[in-house]
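*Asks:* build me a model from this:
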Amino acid sequence: MTLIVRTEERGIATLTLDSPANRNALSAELVGALREALAACAADDTVRAVLLTHTGTTFCAGADLTAPPDPEAFVGLMREIVALPKPVVARVDGHVRAGGLGLLAACDIAVAGGASSFALTESRLGLAPAVISLTLLPRLDRTAAHRYYLTGERFDAAEAARISLITEAAGSAESAESAEAAGDVKDVDKALAPILDGLRRASPQGLAASKELVTATVLRSFDQYAEDLIARSAALFASDEAREGMTAFLERRDPAWVR
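*Replies:* All right, here's what the predicted structure looks like:
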């Protein structure tokens, strides 16, 4: 099964998450396939930048609870995106949940359309956004991080841009639906056009050196905190509360602690 579809146009390699059966959830297989695709892009001199997007109505539903990746592999994926010597741009026009936000925050630039929604749902499952904090906390507005880490509330693209999770919110849900119905270019693609044009005009060396400057602090945090956060995540996943939370989620019911 092909989980990552790669296409290219004028130096931009598009990697499309294509696992609709589980809403592009982070399974061990998907994480492995995406790491391989990114490594291939890094080694390809014709690739100026990577565009990460998705099929269906969900960019990424977070960890696949039925076939989760090894935490070290997922941390490795996020670090590889941050350290890739080529810009990685996220194109989002659907839902992003839990670990999917860590994947999104690892990207250099992110544009989300009106159909997008976001939520850090870990606390509702007896978990915490542990390893994804490596990419989220350097980016997020601190007050917003407190709120959304704790409450698990859903928020839209405009709010995601306000709190610095994404670079730009493009259009509303209504405009996205009307554009799709008419066969027009979506607002998210219109917003991406000048960004991709700018990347095509930049030199490979200039892009790599510039990205290295803005990601240096994040990479140091990986080196300093990743091991502890992986252990903390593993302990939470093995807990009784998390088992209850994940079972309740899969059974589509409230967990025992809901009041």
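
*Asks:* give me the pLDDT for A182.
*Replies:* Note for A182: predicted pLDDT of 44.

*Asks:* same question for the one 3 residues further on.
*Replies:* On pLDDT, V185 comes in at 61.

*Asks:* for the chain, longest helix please?
*Replies:* Ranked by residue count and defined by DSSP state H, the top helix of the chain is helix 204-237.

*Asks:* tell me where the model's unsure across this structure.
*Replies:* Within the chain, the segments meeting pLDDT under 70 span 1, 172-185.

*Asks:* okay, helices next: where are they in this protein?
*Replies:* Assigned by DSSP H, the helices in the chain fall at 28-43, 71-83, 99-106, 133-136, 142-151, 157-162, 173-182, 187-201, 204-237, 240-250.

*Asks:* go through those helices and name the closest to R6.
*Replies:* Judged by Cβ to Cβ, the one of these that comes nearest to R6 is helix 28-43, at 5.9 Å. Backbone N, C-alpha and C define where each C-beta goes, glycine included.

*Asks:* returning to that earlier point: out of the helices of the chain, indicate the one that is most buried.
*Replies:* Each of the helices of the chain was scored by mean neighbour count; the highest is helix 99-106, a mean of 27, by mean count of other Cβ atoms under 10 Å.

*Asks:* now what about that one, what contacts it?
*Replies:* Here helix 99-106 makes contact (Cβ atoms under 8 Å, 6 or more residues apart in numbering) with 24, 26, 59-63, 74, 77-79, 81-82, 88, 90, 92, 96, 110, 118, 120, 129, 131-136, 139-140, 165-166.

*Asks:* now tabulate the helices of the chain in JSON lines and tack on distance to H54.
*Replies:* As requested, the helices of the chain are arranged in JSON lines below (distance: least, Cβ to Cβ, whole Å):
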{"stretch": "helix 28-43", "distance to H54": "11"}
{"stretch": "helix 71-83", "distance to H54": "15"}
{"stretch": "helix 99-106", "distance to H54": "10"}
{"stretch": "helix 133-136", "distance to H54": "18"}
{"stretch": "helix 142-151", "distance to H54": "21"}
{"stretch": "helix 157-162", "distance to H54": "15"}
{"stretch": "helix 173-182", "distance to H54": "14"}
{"stretch": "helix 187-201", "distance to H54": "11"}
{"stretch": "helix 204-237", "distance to H54": "23"}
{"stretch": "helix 240-250", "distance to H54": "21"}
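
*Asks:* now I163: how far from P138?
*Replies:* Distance, I163 to P138, by Cβ to Cβ, to the nearest Å: 13 Å.

*Asks:* just I166 next, same as before
*Replies:* To P138, I166 is 14 Å away according to Cβ to Cβ.

*Asks:* okay then, goodbye and thanks.
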